Structure formats: structure tokens, C-alpha cells
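Student: dropping a prediction and its sequence here:
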Amino acid sequence: MPRPAAEDKPVTRILGIDISLRSTGYAVIEHGGGRMRALASGAIRSAASASHSTILLNLQRKIADLIGSSAPDEAAIEGIFFCKNVKTAVTLGEARGAVLTACAATELPVYEYLPRKVKQAVTGNGAAEKHQVRMMVMSLLGLDAEPQEDAGDAMAIAICHHHRRSAYEILKPTRL
């Protein structure tokens, strides 16, 4: 995706990823000139019949392709949260490993945000319901239609990073 012409403020492109083994949501958002917009979004789906290792390899390759085609400056993912089921936690950890490997291979910086922080950054309320987050995502990005669930979650993660990144730049303008 080509970058728009230079404006008063630099353009920042963020890849948001909502990691899951069967349906990983992704969104590429861009902020520049005081405006935030969605460039791409969707979900990386895996066939139920595919082997575990094939699913992980597919996830790593699809994220690598997405990084190559969208040229993000940074990536944001949902951080690890408490999980009662050990098998679920391990499976999610393996999917995270595939995503992190794809980002590391291109030296793309990755930032993690807890679900509560994502909700708080998007809605102002860390206990917001999913539909409230989705409505704010639509409003902030000027979307006409509600995004698919996994893609919407990825958009929220990217928006959270944008807000946190902006606050960080105000505090430390020379480094990120």
C-alpha cells in the first residue's frame, strides 16, 4: 500500500492483530494529518481439518505476507490474560509465537495491550461491552458498516496503540 503524500504530520501505519488459532483478526490503520482511517481488515481463518502445525505455519505466513503488502511501522497485539484452561493457554501461546515470529523476521516492533486497556483506550471504559467497543471503532475510523468481529477487535487494538503511542510521543518526543 503506497503511503500518501507528506503532510504537516508524519503518517503512521499500525497493524493490529487479534490472535486466535482458528480466526486471527487483523487491521491496518493509518494516522496522519489529524485523521485516522482503516486501510485493510479481515480474518485469517484455518480449516478445522488442518493439522495444528499447518495452522501455525499458515498463520505465520499470512501475517508475513500482510506485513510485506501493508508496510506497517508498528504492530499491536492483545497481551496475555488469565486463562483457566491450560490447553487453551498453550494453544494461544503457540499462535502468538507464530505471529511474533512473522513480526520479528521483518524487525517490526510489537506492542502488547491487555483487553481492559484496549477497551479503555477506545471507549473510555475498561469494562465496556463488545458492542460498545465496535460502535466506537466505527465512529473513530468513519466506517459505514460494522466490521467482522475478529477484524473489529484488531481495529480496536490498533486504535489503542495509536492512542498510547500518541501519549508516549507527547512525553518523550525523541524516542518511541
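Tutor: Looks like it arrived, so ask away.
Student: from now on I want contacts and neighbour counts done on CA atoms only, so please keep to that.
Tutor: Will do.
Student: tell me the SS of the residue located most distally from the centre of the chain?
Tutor: In the chain, counting by Cα atoms, centre = their mean, Ser49 sits farthest out from the average C-alpha position, at 26.5 Å. When classified by DSSP: H, G, I helix; E, B strand; the rest coil, Ser49 comes out as coil.
Student: over to Thr24?
Tutor: strand.
Student: just checking, it touches Ile17?
Tutor: Yes: between Thr24 and Ile17 there is a contact under Cα atoms under 8 Å: 7.0 Å.
Student: and the two? Which one has more around it.
Tutor: Ile17 (31 against 22; other Cα atoms under 10 Å).
Student: got the contact list for the more buried one?
Tutor: By Cα atoms under 8 Å, 6 or more residues apart in numbering, the contact set of Ile17 is 24-27, 75-78, 153-155, 157-158.
Student: Provide the partner residues of it in its beta bridges.
Tutor: Applying DSSP bridges to Ile17 gives these bridge partners: Tyr26, Ile77.
Student: so how far is the least confident helix or strand in the chain by mean pLDDT from its chain's centroid?
Tutor: None of the helices or strands of the chain scores lower by mean pLDDT, DSSP states H and E than helix 149-171, at a mean of 84. The chain centroid and the centroid of helix 149-171 are separated by 8 Å under Cα atoms, centre = their mean, to the nearest Å.
Student: restrict it to CA atoms and write it as PDB.
Tutor: Provided in PDB are the C-alpha atoms of helix 149-171 (Å, rounded to 0.1, in the frame of the first residue of the first chain):
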ATOM      1  CA  GLU A 149     -15.900  -9.500  14.900                       C
ATOM      2  CA  ASP A 150     -12.200 -10.500  14.700                       C
ATOM      3  CA  ALA A 151     -11.300  -7.700  12.400                       C
ATOM      4  CA  GLY A 152     -13.100  -5.200  14.700                       C
ATOM      5  CA  ASP A 153     -11.200  -6.400  17.700                       C
ATOM      6  CA  ALA A 154      -7.900  -6.000  15.700                       C
ATOM      7  CA  MET A 155      -9.000  -2.400  14.800                       C
ATOM      8  CA  ALA A 156      -9.600  -1.700  18.500                       C
ATOM      9  CA  ILE A 157      -6.100  -3.000  19.300                       C
ATOM     10  CA  ALA A 158      -4.600  -0.800  16.600                       C
ATOM     11  CA  ILE A 159      -6.600   2.300  17.800                       C
ATOM     12  CA  CYS A 160      -5.400   1.600  21.400                       C
ATOM     13  CA  HIS A 161      -1.800   1.500  20.200                       C
ATOM     14  CA  HIS A 162      -2.300   4.800  18.300                       C
ATOM     15  CA  HIS A 163      -3.700   6.500  21.500                       C
ATOM     16  CA  ARG A 164      -1.000   5.100  23.700                       C
ATOM     17  CA  ARG A 165       1.700   5.900  21.100                       C
ATOM     18  CA  SER A 166       0.400   9.500  20.800                       C
ATOM     19  CA  ALA A 167       0.600   9.900  24.600                       C
ATOM     20  CA  TYR A 168       4.100   8.500  24.700                       C
ATOM     21  CA  GLU A 169       5.300  10.800  22.000                       C
ATOM     22  CA  ILE A 170       4.000  13.800  24.000                       C
ATOM     23  CA  LEU A 171       6.000  12.700  27.000                       C
END
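Student: thanks a lot, see you next time.
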